[in-house]
Each structure stands twice: as structure tokens, then as C-alpha cells.
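[1] this is the structure alone, sequence omitted:
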Ligand SMILES: [Zn+2]
């Protein structure tokens, strides 16, 4: 079970976008490493050649970064926090915030 999901708000811990925040757009595996794509983070600009159907130009695109470089921002206390999993009485696992103790964040 992976701690970070699509639509989570995260903060970047290292690299050129350090301390920036964004929303997770995608989570996937690459060579057994978890990668995340975060809106507004690790942007690259690509020059697109004009074709019959498009006018070309410069396109910005987010590249995936290593999931270990981001930390979830708790939706309850709004602080970057480590995440733990709590088991509910019905056996269901939910995410919980280390800082404020909220579950289902
Ligand atoms: Zn919290």
C-alpha cells in the first residue's frame, strides 16, 4: 500500500523545486521505484515542430520525480507530515497523520 495517491497535496523535499507544493497528478512504478508527477513541479519545456494539425511552439510538461522526494501535506492540519496506517475496527486500513493524528487524510 502506497502512501501517496493521486490528488494529494505534497511538498517537494529536494531538488530545484524544493519547498514548492503541488497536487499529485500521477503515481506509477518505474524500475521498481515509485514516481510521482506533481502539478507545477519539475517542468520541462519542449519545442514542438509545427505539423499539418498543430501550429507547434513551446509546450510545458511536468516530468515525474522520485516519490521519496515528496512529503504529503496533511489535509487536516495542513502541515507536511509522515504518514502511518491505522486499522479501523472493521479491519479497513486508513492513512493517518503523525502530527495531528487525524485519520482518513
Ligand atoms: Zn495532520
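    Happy to help now that I have it. This is a predicted model, so every value here is computed, not measured.

[2] going forward, measure contacts between C-alpha atoms and count neighbours the same way
    Fine.

[3] helix or strand: which one has the residue most central in space within the chain?
    With distances taken as CA atoms, centre = their mean, the chain has residue 24 as the residue nearest its mean C-alpha position (3.5 Å). Under the criterion of DSSP states H and E, residue 24 resides in strand 21-30.

[4] mind checking how far residue 77 is from residue 4?
    Here the criterion is CA to CA, to the nearest Å. By it, residue 77 lies 17 Å from residue 4.

[5] those two - which one has more neighbours?
    residue 4 (20 against 14; other CA atoms under 10 Å).

[6] where do the strands sit along this protein?
    9-12, 21-30, 33-38, 43-48, 57-62, 65-66, 70-72, 83-87, 93-97 (DSSP state E).

[7] just put those strands in CSV and tack on distance to the ion and mean pLDDT.
    Formatted as CSV, these follow (distance: least, CA to the ion, whole Å; pLDDT from 0 to 100):
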stretch, distance to the ion, mean pLDDT
strand 9-12, 12, 98
strand 21-30, 16, 96
strand 33-38, 20, 96
strand 43-48, 28, 92
strand 57-62, 27, 92
strand 65-66, 23, 96
strand 70-72, 10, 96
strand 83-87, 9, 92
strand 93-97, 5, 94
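
[8] dump those to TSV, plus distance to residue 105.
    Listed next are the strands of the chain as TSV, based on distance: least, CA to CA, whole Å:
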stretch	distance to residue 105
strand 9-12	11
strand 21-30	14
strand 33-38	18
strand 43-48	27
strand 57-62	25
strand 65-66	22
strand 70-72	10
strand 83-87	9
strand 93-97	6
